[in-house]
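*Asks:* Quick one, what's the 3D model for this:
(one chain, ligands or ions: 1)
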Amino acid sequence: MSCQALDELKRQIPLLDYLQANDWRPARRLGRGRWMGLCPLHRDHKPSFIVDSDKGLFYCYGCGHGGDVIRFAELYHELRFPQALALLRQWRGLAPLLHEAARFYGLQLHRHSEAVTYLHERGIRSPEVIEHMRIGYAPGGCLRGWLIELGYPLGALRQAGLVTAVGYDAYVRRIVFPLEGNLYGRSISPSAPPHRFLPGAKGGLYCWEQVRSYPEAILVEGLFDYAVVWQAGFHNVTCAMGSHLNAHQFGQLCDARRSIYLAFDADKNGSGQQAAQWLTHRLNERGLKIRKVWLPQGHDPNSFFAQGGDTQQFQALLEAAQS
Ligand SMILES: [Zn+2]
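*Replies:* As a prediction, the model looks like this:
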């Protein structure tokens, strides 16, 4: 890749946009185009990470790392230079499209009573959590037309997986949660497969940047679990989108010595508990303290809250959690 091509890539991916897409939030403004916040590259308690958005450069006084958006991607995702470039190129193509799709689905949520009713049944009631997670709804049969009107070619929609090979919207009657580089869609129809992701990685731990500075974190399996736990006031919750962590998620949990409350499903066949057991073992080896939260039989955190569990009761479960 030539110097001009690298400069072009950096111009198309402003560092500040990329940081914010990875959940970084500035704590204060230092001056024109200069921001300071917690460092996403080390465990930071007081802001030591400086971003110059005009120059597209960052520097951290805590860990001493600095550079441009490519350097940031290398360090943050633990990649070599060529892989970081490939990741950024892919992000450049996909990010605006997913952003537009998520925005469209967000607008649909309150236009479709079946979606709001479904959220209520799953215990999601506060406008704050809907806004925080940017929860949307895919009615089906209208995203394609909207995106094409905005100028996205059909081929790009197909490649992203938003539209099927034969040209229909891929997400139909699904509650949609935007993720880093993906969209999770939960079907509200019992006849359709419940879970759907776009092709590609599910990404890192959900909202990790907002959790990693806590000395204790709560790890749940699903986004509906996340939503109700967050809504109940536990903002140190994160979600792995499944009971198995990918290498990136595992690395995130282990980036500092912290305590983890594992609140996995107490499902009948025991697969959630088995996964919890295995994960506990691996995390203990890395020096993390793990406490298992025992939910009432047959419950996951979502059903616990949806069926009347409250903040105090969940707090009591956390306090009773065993290591
Ligand atoms: Zn740092």
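
*Asks:* ok, now which ones touch the residue nearest the centre of the chain?
*Replies:* Per CA atoms, centre = their mean, the C-alpha nearest to the average position across the chain is that of Tyr206, at 3.1 Å. By CB atoms under 8 Å, 6 or more residues apart in numbering, Tyr206 lies in contact with 179, 223, 226, 238-241. (C-beta placed from N, C-alpha, C; glycine too.)

*Asks:* what do you get for Ala165?
*Replies:* Arg158.

*Asks:* Look up the closest residue to the residue nearest to the centre of the chain, ignoring the ones flanking it.
*Replies:* Excluding the flanking residues, the one nearest Tyr206 by CB to CB, 6 or more residues apart in numbering is Cys239, at 4.0 Å.

*Asks:* neighbours around the one you found, how many?
*Replies:* Per other CB atoms under 10 Å, the neighbour tally for Cys239 reads 27.

*Asks:* for stretch 52-61, what is the average pLDDT?
*Replies:* Mean pLDDT, stretch 52-61: 95.

*Asks:* Spell out which parts of the stretch 1-150 of the chain neighbour the ion.
*Replies:* Proximity of the stretch 1-150 of the chain to the ion, by CB under 5 Å from the ion, involves residues 39, 41-42, 60, 62-63.

*Asks:* Among these, which are located in strands?
*Replies:* Within these, residues falling in strands by DSSP state E are Cys60.

*Asks:* With distance to Gly251 and neighbour count added, can I get the residues of the stretch 1-150 of the chain next to the ion in TSV?
*Replies:* Shown next, in TSV, are those (distance: CB to CB, whole Å; neighbours: other CB atoms under 10 Å):
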residue	distance to Gly251	neighbour count
Cys39	16	22
Leu41	12	18
His42	13	16
Cys60	18	20
Gly62	19	16
Cys63	16	15
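
*Asks:* Let's verify the residue nearest to the centre of the chain: helix, strand, or coil?
*Replies:* With DSSP: H, G, I helix; E, B strand; the rest coil as the basis, Tyr206 sits in coil.

*Asks:* OK, contacts around the closest residue to Gly136 other than its chain neighbours?
*Replies:* Once flanking residues are discounted, Gly136 sits nearest to Tyr105: 2.9 Å by CB to CB, 6+ apart. For Tyr105, the contact set (CB under 8 Å, 6+ apart) comprises 136-138, 143, 171, 176, 183.
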